[in-house]
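Student: pasting the structure only:
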């Protein structure tokens, strides 16, 4: 019985490594990041430091490259990777002049919906 429990625990621990972002979901993320790169007046706040849209996209692409084998969907990318610091856990913020500040999660969720369903 003990061997079965150990085998089950090992399998469950390995499951996150089985996640893999497919080409359709990666295309959805890339379309969202492309749209983000066009938001020239946007300020992306990470851990208290302000960054322009190009810096934000560069950072999110780096995070995507590091995590694409651990996520399955564009929504998971936003929820688990793109909306907060993996080091501090602090949520990222988005500032656009003339609009209220909002969390990156909320902003990226809307941007993902705006970019629609894309083909890989």
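Tutor: Cool, got the structure. Bear in mind the structure is a predicted one, so any value in this text is a computation, not a measurement.

Student: before we move on, what SS does residue 55 have?
Tutor: helix (DSSP: H, G, I helix; E, B strand; the rest coil).

Student: quick one: it from residue 84, how far?
Tutor: Per C-beta to C-beta, to the nearest Å, residue 55 is found 17 Å from residue 84. To be clear about C-beta, it is placed using only N, CA and C from the backbone, and glycine gets the same treatment.

Student: Neighbour count for these two, which is higher?
Tutor: Taking other C-beta atoms under 10 Å, residue 55 and residue 84 do not tie; residue 84 has more neighbours (18 against 14).

Student: OK, contacts around that one?
Tutor: 90-92, 104-105 (C-beta atoms under 8 Å, 6 or more residues apart in numbering).

Student: Just the buried residues from those, in ChimeraX please.
Tutor: Here is the ChimeraX command that selects only those of the contacts of residue 84 that count as buried (16 or more other C-beta atoms under 10 Å):
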select :92,104,105
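
Student: ok, so of the contacts of residue 84, who is nearest residue 20?
Tutor: Lowest distance from residue 20 to the contacts of residue 84 (C-beta to C-beta) belongs to residue 105, with 22.9 Å.

Student: Just put the contacts of residue 84 in a markdown table and tack on distance to residue 77.
Tutor: Putting these into a markdown table (distance: C-beta to C-beta, whole Å) gives the following:
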| residue | distance to residue 77 |
| --- | --- |
| 90 | 18 |
| 91 | 15 |
| 92 | 13 |
| 104 | 12 |
| 105 | 11 |
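
Student: I'd guessed residue 28 sits against residue 111; true?
Tutor: No: shown here, residue 28 and residue 111 do not form a contact pair, counting by C-beta atoms under 8 Å, at 10.8 Å.

Student: These two: which has the busier surroundings?
Tutor: Legend: neighbour count by other C-beta under 10 Å for residue 28 and residue 111, higher for residue 28 (23 against 19).

Student: wait, what's in contact with the more buried one?
Tutor: So residue 28 contacts 74, 112, 115, 117-118 (C-beta under 8 Å, 6+ apart).

Student: Between the residues you listed, identify the one with the most neighbours.
Tutor: Neighbour-wise, the contacts of residue 28 (other C-beta under 10 Å) top out at residue 74, 24 neighbours.
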